[in-house]
Each structure stands twice: as structure tokens, then as C-alpha cells.
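Chemist: sequence below, structure please.
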Amino acid sequence: MNSVLHLPLVDSNGQLVGLYVQYDKNGCANKTKAVIMAGGKGTRLRPQTDKCPKPMLEVRGKPILERIVNKMRIEGLTDISISVNYLKEVIIDYFGKGESHGVNIEYIFEAREMGTAGALGGLSCEQDDILVTNGDVLTDICYSDMINFHKHHRADATMAVKAYEWVNPYGVVDIEGIDIRGFREKPVYECHVNAGIYIIRRDSLCELKLSDKIDMPQLFENLKNLGKKTIVYPIHEPWIDVGRPNELEKARMG
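Modeler: The predicted model follows:
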């Protein structure tokens, strides 16, 4: 028998008006702290980010960051920290302490650019997990599923990855020396890319020095070198990184 964690609430006209979310006693989402990295300058999106931090750019009528916060709330993630630096007042003035969004928000103030992981050094070391997401990622991923996956595999750090395909626009000639071994017409290549969403055990962070600038891939590499268990969580849901103009436009078009 399949467990049902979400039920749509509709009115008499069949229109969606809400969502009931059910977590069993073993559910992890409402016990997990969430951290949103929102301190970047968004230089690739200038001039749109000259007066607006990238996570506050609107996508279909709402700031990207608000969409992330609302998704977290729906899944029971209400203890949220937002890492801020560039134009931080815009974010703080909009969200405040989070009451109007049904969550509790604290802020991690980056005195300088800390990379996508450096700000985590300000978190306390407890026997617990934290969910970390970049502030420019829009996805239908179920955070709760990822958290449970991380715990099931007893991982120290889990990185969400997305399969990415691209087509070589040319016919490829396979060679060995000067000999032709075969031909492939416009072959398709596939790899897995970092989706910008992570689960990390807090006590793992305490073994690292995070006072300097560091990005998540380096953090995972450091944890791996310390003998920690680092794994991936493949996602199949829609996902988009709005850090580039064409991706932002794609997100706005829906």
C-alpha cells in the first residue's frame, strides 16, 4: 500500500485552494533546519541585479526566494536561515522574521563573499542535519524525500544531482592514430550536474574550517578526504538554475 503524504484541497468548482501535508512520526522535514544561500551578487544577470539581489528577482509574480520559502513551509521546514550579503536590506525588509510567511527566519550575515558553503561555519555543531539550497534554484523536488534518503543511507553529506544531456551538432569520427574506427552521427552525451541542494550533518561541519571562502564541491571533497560518507541524490523533477539570463527568462515563461 502506498503512503499518501499530500492531498489537494479543492473548492466546489474543482479549483485548487490548498494542500494538506501529512508527515508520519518518522518524517524528518519538520525537524530539519534549512539554510538558503542568498548572498551572491548575480553579476551574470546585470543590470537586473544592480539594485535587486538575484534571489529577489521575480518569476511569475513572486521573488525566487519567496517561492523557495513557501515550498519549504508546505513541506514542514519552518526553521530557516538565509545567508545574506549583497543588497541584504532588500531581503531582510521583505521577509523580516518570517511571520507573514508562516516560518521563522534568521539571517547569517556574510561580511565578505564566502562562497556557496563558507557561511555554514556560523552554525552550531549538533547531532542533526541541515538542508542547504542555493537561492537561485527553482525545482519541484520533494525536500522530505531527499532528507529521508540521506538518513536511510546514513550519509554525512548528500548532494542533489540532475541528469543533463546535450547533443553534439556534428558527426563524430572515432579514430585510433590515423585509422578510422567508426562514425557517430550527432551523438548524445549525458552527465550529472550539481543541482545546488544539499543535506549535511552538522557535526561534519565542525571538523572543517569554514572561516574562509569555500564552495560546496570543495566542501564535499574535504569531507570525502576525511573519510566521511558523501553520496548523491538523483532528482527527476523539473529543475532550473536561474543564474543566467536565458535560464531566468525560461523560468519566467513557465
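Chemist: what's the nearest residue to Lys62 if we skip its chain neighbours?
Modeler: Excluding its sequence neighbours, the residue lying closest to Lys62 (Cβ to Cβ, 6 or more residues apart in numbering) is Asn70, at 8.0 Å. In short, each C-beta sits where N, CA and C put it, glycine included.
Chemist: for the lengthiest strand in the chain, the distance to its chain's centre please.
Modeler: Looking across the chain with DSSP state E, the single longest strand is strand 188-201. With Cα atoms, centre = their mean, to the nearest Å as the basis, strand 188-201 stands 10 Å off its chain's centre.
Chemist: surely the residue nearest to Lys62 and His101 touch.
Modeler: Yes. With contact defined as Cβ atoms under 8 Å, Asn70 reaches His101; the gap is 6.9 Å.
Chemist: ok, these two, which is more surrounded?
Modeler: It is His101, of Asn70 and His101, that has more neighbours when counted by other Cβ atoms under 10 Å, with 18 against 14.
Chemist: is it true that the more buried one touches Glu66?
Modeler: Yes. Between His101 and Glu66 there is a contact at 7.4 Å, judged by Cβ under 8 Å.
Chemist: and the helices in the stretch 101-250 of the chain?
Modeler: Remark: helices assigned in the stretch 101-250 of the chain by DSSP state H, counting those that start in this stretch are 143-152, 202-205, 216-225, 245-253.
Chemist: need the contact list for the residue lying closest to Ser204 once chain neighbours are set aside.
Modeler: For Ser204, ignoring the flanking residues on the chain, the nearest one in space by Cβ to Cβ, 6+ apart is Asp156 at 4.6 Å. Going by Cβ atoms under 8 Å, 6 or more residues apart in numbering, Asp156 touches 200-201, 204, 223, 228-230.
Chemist: after the lowest-mean-pLDDT helix or strand in the chain, next one along is what?
Modeler: Lowest by mean pLDDT, DSSP states H and E among the helices and strands of the chain is strand 16-21, with a mean of 54. Using DSSP states H and E, the next helix or strand after strand 16-21 towards the C-terminus is strand 33-37.
Chemist: for that next one, what is the distance to the chain centroid?
Modeler: Using Cα atoms, centre = their mean, the offset of strand 33-37 from its chain centre is 9 Å.
Chemist: over to stretch 107-116?
Modeler: 17 Å.
Chemist: buried set for the helix or strand the residue nearest to Lys62 falls within?
Modeler: Secondary structure assignment for Asn70, by DSSP H and E: helix 64-74. For helix 64-74, the neighbour count (16 or more other Cβ atoms under 10 Å) marks 64-69, 71-73 as buried.
Chemist: that older thread, now the helices of the stretch 101-250 of the chain as JSON lines including distance to Lys186, mean neighbour count and mean pLDDT?
Modeler: Shown next, in JSON lines, are those (distance: least, Cβ to Cβ, whole Å; neighbours: other Cβ atoms under 10 Å; pLDDT from 0 to 100):
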{"stretch": "helix 143-152", "distance to Lys186": "34", "mean neighbour count": "19", "mean pLDDT": "93"}
{"stretch": "helix 202-205", "distance to Lys186": "43", "mean neighbour count": "18", "mean pLDDT": "79"}
{"stretch": "helix 216-225", "distance to Lys186": "30", "mean neighbour count": "17", "mean pLDDT": "91"}
{"stretch": "helix 245-253", "distance to Lys186": "22", "mean neighbour count": "14", "mean pLDDT": "77"}
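Chemist: can you lay out those helices as TSV showing distance to Val167?
Modeler: Converted to TSV, these look like this (distance: least, Cβ to Cβ, whole Å):
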stretch	distance to Val167
helix 143-152	29
helix 202-205	39
helix 216-225	26
helix 245-253	17
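Chemist: alright, calling it a day.
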